[in-house]
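Undergrad: quick one: sequence and predicted model below, then my questions.
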Amino acid sequence: MNNRNKLLTTSILTKKHHQIMDKTEESFLNFDDGISSRYTRRAYHRAINRFMELHGMGSFDIVTKLPQEEISSLVKQFIRHLKEQDLATNTVKLNLVGVLLFFDMNDILLNKKKLYKMVKPNDEESQKRKSVLAGKKPYTDDDIRKLLGATKKLRTKAIIHFFTSTGARPAVIWDPILRMKHLFKMPQGCKALNLYSESDEEYWSFLTPEAAKALQDYHDLRKDSGEIFDDETPVFAIRKGKPMSEYSVRAVIKDTIKQAGIAKTKINNKTDKASFYGFRKRFNTILKSNNNVNSNIAEKLMAHKNGLDGVYLQPTKEECFAEFVKSAPQLMIDQTEIQQHKIQELEKQNDHEISKLRNEIQILKEIIEEQEIPKEEWEEIKKNSPKLSLK
């Protein structure tokens with residue numbers, strides 16, 4: 001059974017009446033068919049569940065059979081309830097969009113314009129500023145150093161480096177499970193990751209040399225403990241062969257942030273630095289600030305699908321890696337690793353320049369021999385050329 005079917009057949013318990021809601025009902029299946037992205041699906045499912053729980057309803061089909069005026073009234077109550085929770089405006093709007101989609105997909109048309117107007121806060125400018133600030137700040141290099149210094153566990157260090165290097169959404173670890181068959185060696189001590197493999201959201205991401213080393217140290221520890229690795233082995237595990245769950249991944253980061261004492265400012269019921277998205281925003285800022293990085297491929301490395309380029313542009317692993325390495329030094333935290341990476345880049349560049357000069361001299365020599373230039377003139381040309389030995 002695939003992940004989507006598992007999700008559809010999962011039942012939840014309402015808080016008010018302890019009734020089980022059947023997610024195989026026709027109305028819920030219609031709703032689910034209208035969602036194209038796994039991220040959106042998760043958010044919209046939470047929204048409709050919230051709506052049902054608030055009104056103590058245990059059947060999706062029954063809701064769709066209510067009179068339109070009554071449904072409109074229930075949605076208005078839902079909006080007021082969310083606003084009373086002091087949620088950010090964007091969070092209220094996201095929940096409303098999910099609920100409205102449910103009714104749209106079941107041919108129940110509501111006055112959206114009127115309902116969206118209810119979302120706007122009374123002090124619009126103040127709330128707008130708060131909404132913009134909440135969860136928007138990236139982690140700093142110093143923040144990540146504190147996180148790494150707050151733990152001695154190799155798995156925790158590997159996870160921190162993983163998100164620092166990839167800027168990936170947290171679900172890439174468990175949905176679907178990230179396995180060793182999705183991990184590939186790359187030049188310069190880096191590794192490639194095929195995230196969301198075999199799905200519409202599949203894309204390439206990469207580990208910097210320090211992140212790759214942290215992951216290898218963690219894997220070596222597991223192997224030393226007797227774990228046998230194969231293609232199906234989870235990249236991150238809670239014990240031998242058992243993959244980490246969403247709860248365990250989130251708990252690792254949450255506990256480490258607390259131990260590290262990362263400074264955060266509370267805005268509404270959120271903070272200015274989101275636990276996981278602080279990594280993602282740092283990654284995005286670094287890539288977008290580098291004018292040498294192809295902007296379309298930078299969007300691919302963020303798993304963004306923007307416009308026609310997002311649909312039709314399908315860069316290879318190598319093309320994505322070529323853009324990633326341009327920002328690798330800025331993504332790394334350890335200054336020693338950064339300097340080593342720069343040295344490798346300079347050596348690579350110097351090798352290219354030397355090879356180029358050798359070729360130019362060889363071509364010049366062949367031209368001279370063809371034109372039978374006198375020996376003394378040839379010696380003068382060699383004297384003024386780069387002193388390289390042609391072997």
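TA: Alright, I've got the coordinates.
Undergrad: just the element for the most centrally placed residue in the chain, please.
TA: By CA atoms, centre = their mean, the mean C-alpha position of the chain lies nearest to residue 168, the distance being 2.0 Å. Assigned by DSSP states H and E, residue 168 falls within no helix or strand.
Undergrad: where are the low-confidence patches of the stretch 51-200 of the chain?
TA: Residues of the stretch 51-200 of the chain meeting the criterion pLDDT under 70: 121-135.
Undergrad: can you map out the strands along it?
TA: 183-185, 191-195 (DSSP state E, counting those that start in this stretch).
Undergrad: can you spell out which helices and strands pack onto the shortest one?
TA: Using 3 or more CB pairs under 8 Å, 6 or more residues apart in numbering; DSSP states H and E as the contact definition, the elements that strand 183-185 packs against are strand 191-195. No exception for glycine: its C-beta is placed from N, CA and C like everyone else's.
Undergrad: partners of the strand it packs on, with directions?
TA: strand 183-185 (antiparallel), strand 203-207 (antiparallel) (DSSP bridges).
Undergrad: list of residues touching it?
TA: The contact list for strand 191-195 (CB atoms under 8 Å, 6 or more residues apart in numbering) reads 166, 168, 172, 178, 182-186, 202-207, 211-212, 215, 303, 317, 321.
Undergrad: could I get the buried residue list for that strand?
TA: Buried residues in strand 191-195, defined by neighbour count with 16 or more other CB atoms under 10 Å: 191-195.
Undergrad: same question, stretch 172-192
TA: 172-179, 182-183, 186, 189-192.
Undergrad: likewise stretch 274-286?
TA: 274-284, 286.
Undergrad: against residue 315, how distant is residue 63?
TA: 44 Å (CB to CB, to the nearest Å).
Undergrad: oops, could you answer that again for residue 23 instead?
TA: Taking CB to CB, one finds residue 23 at 37 Å from residue 315.
Undergrad: please apply the same query to residue 279.
TA: Residue 279 sits 23 Å away from residue 315, going by CB to CB.
Undergrad: what does residue 236 give?
TA: Distance from residue 236 to residue 315, by CB to CB: 26 Å.
Undergrad: more neighbours, the two?
TA: Counted by other CB atoms under 10 Å, residue 236 and residue 315 do not tie: residue 236 has more neighbours, with 21 against 17.
Undergrad: contacting residues around the more buried one?
TA: 155, 158-159, 162, 173, 178, 243-244, 249.
Undergrad: dump these to CSV, plus distance to residue 33.
TA: Formatted as CSV, the contacts of residue 236 follow (distance: CB to CB, whole Å):
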residue, distance to residue 33
155, 38
158, 38
159, 35
162, 34
173, 27
178, 28
243, 29
244, 30
249, 29
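Undergrad: show me those residues that map onto helices.
TA: 155, 158-159, 162, 249 (DSSP state H).
Undergrad: how far is stretch 148-159 from where the chain is centred?
TA: 20 Å (CA atoms, centre = their mean, to the nearest Å).
Undergrad: brain fart, stretch 24-43
TA: 22 Å.
Undergrad: same deal with stretch 102-118?
TA: Stretch 102-118 has its C-alpha centroid displaced from the chain centroid by 31 Å (CA atoms, centre = their mean).
Undergrad: next one: stretch 56-72
TA: Here stretch 56-72 is found 37 Å from its chain centre; the criterion is CA atoms, centre = their mean.
Undergrad: still on that earlier bit, need the buried residues of strand 191-195 in a markdown table (columns: distance to residue 80).
TA: Below are the buried residues of strand 191-195 laid out as a markdown table (distance: CB to CB, whole Å):
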| residue | distance to residue 80 |
| --- | --- |
| 191 | 50 |
| 192 | 49 |
| 193 | 44 |
| 194 | 45 |
| 195 | 39 |
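Undergrad: how about the helices in the stretch 201-350 of the chain?
TA: When assigned using DSSP state H, counting those that start in this stretch, the helices of the stretch 201-350 of the chain occupy the ranges 209-224, 246-260, 277-289, 295-301, 307-312, 317-331, 335-371.
Undergrad: with only the CA atoms kept, save the first one in CSV.
TA: Which is helix 209-224. The C-alpha coordinates for helix 209-224 follow below in CSV (Å, rounded to 0.1, in the frame of the first residue of the first chain):
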residue,chain,number,x,y,z
PRO,A,209,32.5,17.6,2.1
GLU,A,210,31.9,18.3,5.9
ALA,A,211,28.3,17.1,5.7
ALA,A,212,29.3,14.0,3.8
LYS,A,213,32.1,13.3,6.4
ALA,A,214,29.6,13.7,9.3
LEU,A,215,27.2,11.2,7.6
GLN,A,216,30.0,8.8,7.0
ASP,A,217,31.1,9.0,10.6
TYR,A,218,27.6,8.2,11.7
HIS,A,219,27.3,5.3,9.3
ASP,A,220,30.7,3.9,10.4
LEU,A,221,29.4,3.9,14.0
ARG,A,222,26.3,1.9,13.0
LYS,A,223,28.5,-0.6,11.1
ASP,A,224,30.8,-1.0,14.0
